[in-house]
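> coords please:
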Amino acid sequence: MQTKTVRFQNPSTYSVNGVHHGYRTATAAPQDTDHPDAIKVWWGCLDPGGFIVPHIDAGPYHRRWHYPTEPGGYVWNNGVTVESPTEPFEITHWEPHAVWNPGPTRRVHLIVETSEKVEGESGLVMCDMLPEIQELIDAL
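All right, here's what the predicted structure looks like:
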């Protein structure tokens, strides 16, 4: 499946949800990936200037992989920042993580959740703000 043909939902607005801005998703299916243990698959798009604030997901937790198709921006996971990953990588969504895209192009990943479960406390937890994301919020 090519990302040019994906129909993303309308972008989110930080003033409405308080968690992300310019984030859009689209449905995908396990057969859209060659990952053998895929149980849930979706497209995630972060528009230019978009962000997802630092948080821990609500669970239950399964191993989750990102496959960049249109790389861009930054990923912060458990205290480590990586610029524009181009190779598949795992997000440990049971630990603090965030994303921001200050660049001029969108960031699109195929996100694959696998059948492998991971232990962790359940319940959405908001974490301390990152200065890079606060700058994007202040610019809204």
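> roughly how far apart are the residue nearest to T27 when sequence neighbours are not counted and G50?
The spatially closest residue to T27, leaving aside those adjacent along the chain, is W42, at 6.2 Å (Cβ to Cβ, 6 or more residues apart in numbering). Glycine gets a C-beta too; all of them are placed from N, C-alpha and C. The spacing between W42 and G50, counted by Cβ to Cβ, to the nearest Å, is 16 Å.
> before we move on, what about M129?
16 Å.
> sorry, back to before: gap between the helix or strand harbouring the residue nearest to T27 and the chain center?
Using DSSP states H and E, W42 maps to strand 38-56. Strand 38-56 has its C-alpha centroid displaced from the chain centroid by 2 Å (Cα atoms, centre = their mean, to the nearest Å).
> for the record, mean pLDDT for that strand?
Here strand 38-56 scores 97 as its mean pLDDT.
> what lines up beside it in the sheet?
Next to strand 38-56 in the sheet, as set by DSSP bridges, lie strand 20-27 (antiparallel), strand 97-101 (antiparallel), strand 107-118 (antiparallel), strand 125-126 (antiparallel).
> isn't W42 right up against I111?
Yes - using Cβ atoms under 8 Å, W42 is in contact with I111, at 5.4 Å.
> so, low pLDDT: which residues of the protein?
Within the chain, the segments meeting pLDDT under 70 span 1-2.
> pull the contacting residues for the nearest residue to V118 once chain neighbours are set aside.
Nearest non-adjacent residue to V118, counting by Cβ to Cβ, 6+ apart: Y61, 4.2 Å away. With contact taken as Cβ atoms under 8 Å, 6 or more residues apart in numbering, Y61 is in contact with H93, W94, K117, V118, E119, G120.
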